[in-house]
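**Student:** just a sequence and a predicted model for now, questions to come.
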Amino acid sequence: MENPKIKTEVVHSQSKTAWNVVGVKLGGKYKIARIPYIVDYNSETLTTVSRQEALLHAQFISECFNNSDKIVGTIL
């Protein structure tokens, strides 16, 4: 497995109901992943749960990229 050596952060999409995992290095790959969530206009609770779950998934993906040295080191 090759270490991608990309540092990322989680930001909310400006045009979609989704969280984006984006690279922070200028000139590097920008969008790594998009994690959408459901918006239910009849249920604020469902929307909140879906949004929070998507945020947790986005944060997990971002942490994997940010700690790739440790992850790749344990696999090899």
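**Tutor:** All right, it came through fine.
**Student:** ok, the residue nearest the centre of the chain - contacts?
**Tutor:** The residue lying closest to the centre of the chain (Cα atoms, centre = their mean) is residue 58, at 2.8 Å. Contact analysis of residue 58 by Cβ atoms under 8 Å, 6 or more residues apart in numbering lists 10, 19-21, 33, 35. For glycine as for every other residue, the C-beta is placed from the backbone atoms N, C-alpha and C.
**Student:** so, low pLDDT: which residues of the protein?
**Tutor:** Scanning the chain for pLDDT under 70 picks out 76.
**Student:** can you rerun that using 50?
**Tutor:** Nowhere does the chain drop to pLDDT under 50.
**Student:** what's the burial count for residue 18?
**Tutor:** Neighbour count of residue 18, defined by other Cβ atoms under 10 Å: 15.
**Student:** that older thread, I only care about the contacts of residue 58 that end up buried; give me the ChimeraX line for that.
**Tutor:** Applying 16 or more other Cβ atoms under 10 Å to the contacts of residue 58, the buried members can be selected in ChimeraX as follows:
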select :10,19,20,21,33,35
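**Student:** so which of the contacts of residue 58 is the closest to residue 51?
**Tutor:** Comparing the contacts of residue 58 against residue 51 with Cβ to Cβ places residue 19 closest, at 8.3 Å.
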